[in-house]
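**Student:** Show me how the following folds:
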Amino acid sequence: MSRRWSPLGWIAPWVLVIAIGCTGGQNQESIKSDDSQASRTTPGQESSPQTTAKAPALEKGMDGAHGLVWRMPEGFEREIPINTMRMAQYKIPSGIEGTKDGELVAFFFGAGQGGAVQANIERWASQFKQDDGSDPMKRAKIDTLKSAGGLNVTTVELPGHYVSSMMGSGPSYDEPGWRLYGAVVEGPGGPWFFKAAGPEAVIQKYHDALTMLYQGFRTHS
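**Tutor:** Now for the predicted structure:
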């Protein structure tokens with residue numbers, strides 16, 4: 001058998017083949033590890049919901065995260081979530097001079113986490129103070145529907161003076177004349193929480209689009 005010279009001395013060709021093969025395997029494993037790590041980004045660190053570990057391959061116009069898929073209304077602008085509690089965040093463009101933009105935020109706290117439907121609705125409603133000091137829940141419009149994917153969706157609508165402080169985990173609001181249009185989605189792997197809030201005119205402008213969004217929820221395997 002012929003031998004080749006190397007700095008380590010005489011090494012048979014079959015030894016070199018094994019060495020090269022082992023090195024190549026280590027490089028490939030490193031690449032796989034990088035891809036795996038990228039897929040485990042924490043919600044809030046990614047640039048869009050599609051980059052989360054549980055996001056499916058989505059068709060154009062669709063978004064999804066943590067087992068849920070939805071279609072975003074045309075014109076909504078995806079933003080980077082400002083904290084890890086937000087699995088997705090969108091600006092609702094005002095398009096009205098002198099009127100602020102609204103915001104749609106999707107929350108996910110883990111399967112079975114986040115509290116009961118009624119408790120979340122009451123908490124959201126408490127953030128919309130009424131001018132006469134009355135209980136916001138008395139003005140809340142609450143509906144239930146079955147989404148296209150067979151999920152139970154509870155929606156709540158309410159006008160008022162939006163006052164909310166996130167204590168360092170998000171923006172604070174003190175906005176008169178705003179409106180809430182939120183949804184709690186129940187299903188396997190849920191619940192998920194969608195909270196749209198903004199100036200009355202902005203939420204009313206996109207009311208039908210938000211309704212279609214809430215009606216279209218479905219899960220993915």
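**Student:** May I ask which helix or strand of this structure has the lowest mean pLDDT?
**Tutor:** helix 13-38 (a mean of 36; mean pLDDT, DSSP states H and E).
**Student:** Direction included, what does the helix or strand following that one pair up with?
**Tutor:** For helix 13-38, the following helix or strand on the C-terminal side (DSSP states H and E) is strand 62-65. Looking at strand 62-65 with DSSP bridges, its partner strands are strand 68-71 (antiparallel).
**Student:** Quick check: next helix or strand after the strand it pairs with?
**Tutor:** Next along from strand 68-71, by DSSP H and E: strand 77-79.
**Student:** Could you pull out the buried residues of that next one?
**Tutor:** Within strand 77-79, the residues scored as buried using 16 or more other C-beta atoms under 10 Å are 78-79. (C-beta placed from N, C-alpha, C; glycine too.)
**Student:** same thing with stretch 190-206?
**Tutor:** Quick answer for stretch 190-206 (16+ other C-beta under 10 Å): 190-199, 202-203, 205-206.
**Student:** Just give me the closest of the residues you listed to residue 163.
**Tutor:** Relative to residue 163, the closest of the buried residues of stretch 190-206 is residue 197; by C-beta to C-beta it sits at 11.3 Å.
**Student:** Now do the contacts for the closest one.
**Tutor:** 102-103, 162, 173, 178-182, 203 (C-beta atoms under 8 Å, 6 or more residues apart in numbering).
**Student:** change it to 7 Å
**Tutor:** 102-103, 162, 178, 180 (C-beta atoms under 7 Å, 6 or more residues apart in numbering).
**Student:** now do residue 164
**Tutor:** Applying C-beta under 7 Å, 6+ apart to residue 164 gives the contacts 127, 172-173.
**Student:** phi, psi of it?
**Tutor:** Dihedral angles of residue 164 (phi, psi; degrees, to the nearest 10) stand at phi -150, psi 140.
**Student:** In helices only, show me the buried residues of stretch 190-206.
**Tutor:** When DSSP state H is applied, those are split such that 202-203, 205 fall in helices.
**Student:** a markdown table please, covering those residues and showing distance to residue 98 and pLDDT.
**Tutor:** Output for these, formatted as a markdown table (distance: C-beta to C-beta, whole Å; pLDDT from 0 to 100):
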| residue | distance to residue 98 | pLDDT |
| --- | --- | --- |
| 202 | 12 | 97 |
| 203 | 16 | 98 |
| 205 | 15 | 96 |
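**Student:** out of those, who's nearest residue 142?
**Tutor:** Closest to residue 142, out of all of those and judged by C-beta to C-beta, is residue 203, at 16.0 Å.
**Student:** I'd assumed residue 182 was in contact with the closest one.
**Tutor:** No: if you go by C-beta atoms under 7 Å, residue 203 and residue 182 don't touch, sitting 10.4 Å apart.
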